[in-house]
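Asker: This is the structure alone, sequence omitted:
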């Protein structure tokens, strides 16, 4: 049984600060790791993907992967009120395996 | 272009109705997915199609019937649903390969009355 664990929050961060979101997963065979942002009533939007150990940066977002610790994280720098959303960590095995999602972390950026 | 288009956006149906949800992508993706999402829960995988063949069925009740007419289209046929089936139904697509990204459509908000 694949499991993905996230702290559901809410995580409250002041505007302009760094938001740090964490995720652990149970299946060591997992190969692809993703962060999706979901606003209330909307569909998930892909914001980061990471496939190998280390850091991957894209604008204000940095994803970090540590396969030995089975740990994925997302850092959001210079947090903006528009970053307030639920962030879903998702994990996939190989090929056309479906995504397994964590329960999501509700992030609130305080102006 | 990472667009996955779902229709309709909203659907209200009675428990004796038959309806279909549609999903379309033109990214050349060969894997397509249906997910169900209840309020304040993460998406749950229902079905996976790989090269137009059903490859994963997550023990979904037979009142949900998927169909993949071609590599760009995915349907979900609905019959005799229950009120507890009310949810956001999400379609997604990806390349059929390791380490590829999956993109979601806007979803269909289904209400069963």
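Answerer: Looks like it came in fine. Predicted model, so just to flag it, every value in this text is computed and none were measured.
Asker: Near the residue nearest to residue B:18 when sequence neighbours are not counted, how many other residues are there?
Answerer: The shortest distance from residue B:18 to any non-neighbouring residue, by C-beta to C-beta, 6 or more residues apart in numbering or on different chains, is to residue B:79 (4.8 Å). Using the backbone N, CA and C atoms, a C-beta is placed for each residue, glycine as well. Residue B:79 has 15 neighbouring residues, counting by other C-beta atoms under 10 Å in any protein chain shown.
Asker: Tell me who's in contact with residue B:79.
Answerer: Shown in contact with residue B:79 (C-beta atoms under 8 Å, 6 or more residues apart in numbering or on different chains): B:17-18, B:63, B:65.
Asker: closest to residue A:96 among those?
Answerer: Among the contacts of residue B:79, residue B:65 lies closest to residue A:96 (C-beta to C-beta), at 19.7 Å.
Asker: Looking at strand pairing, list the partners for that closest one.
Answerer: residue B:77 (DSSP bridges).
Asker: for residue A:110, same thing?
Answerer: Counting by DSSP bridges, residue A:110 forms beta bridges with residue A:14.
Asker: cool, and residue B:90?
Answerer: Taking DSSP bridges as the rule, residue B:90 bridges to residue B:35.
Asker: ok now do it, which residues does it touch?
Answerer: A:43-44, B:6, B:34-37, B:43, B:104-105, B:107.
Asker: per-residue pLDDT, the residue nearest to the spatial centre of chain B?
Answerer: Geometric centre of chain B, nearest residue: residue B:34, 3.0 Å, by C-alpha atoms, centre = their mean. With respect to pLDDT, residue B:34 scores 98.
Asker: ditto for residue B:96
Answerer: 84.
Asker: before we move on, back to that, among the contacts of residue B:90, which are in strands?
Answerer: B:6, B:34-37, B:104 (DSSP state E).
Asker: ok, these vs residue B:94, which is closest?
Answerer: Distances from residue B:94 to these, taken by C-beta to C-beta, are shortest for residue B:104, at 10.2 Å.
Asker: how far away is that closest one from residue B:33?
Answerer: 9 Å (C-beta to C-beta, to the nearest Å).
Asker: When these two are compared, which one has more neighbours?
Answerer: Between residue B:104 and residue B:33, residue B:33 has the larger neighbour count (other C-beta under 10 Å), namely 28 against 25.
Asker: Skipping adjacent residues, who's closest to the more buried one in space?
Answerer: residue B:92 (4.4 Å).
Asker: Local confidence estimate at that neighbour?
Answerer: For residue B:92, the predicted pLDDT is 97.
Asker: Cross-check the contact I'm expecting between it and residue B:102.
Answerer: Yes: using C-beta atoms under 8 Å, residue B:92 is in contact with residue B:102, at 4.8 Å.
Asker: what's the spacing between residue B:62 and chain A?
Answerer: Distance, residue B:62 to chain A, by C-beta to the nearest C-beta, to the nearest Å: 19 Å.
Asker: Next, count neighbours for residue B:59.
Answerer: Around residue B:59 there are 5 other residues, counting by other C-beta under 10 Å.
Asker: can you confirm it is in a helix?
Answerer: No: applying DSSP: H, G, I helix; E, B strand; the rest coil, one finds residue B:59 to be coil, outside a helix.
Asker: how much space between it and residue A:3?
Answerer: 17 Å.
Asker: Please apply the same query to residue A:53.
Answerer: 21 Å.
Asker: tell me the phi and psi of the closest residue to residue A:71 other than its chain neighbours?
Answerer: Computed as C-beta to C-beta, 6+ apart, the closest residue to residue A:71 that is not its neighbour in sequence is residue A:24, at 5.4 Å. Per-residue torsions, residue A:24: phi -120, psi 150 (degrees, to the nearest 10).
Asker: Kind regards, and thank you for your time.
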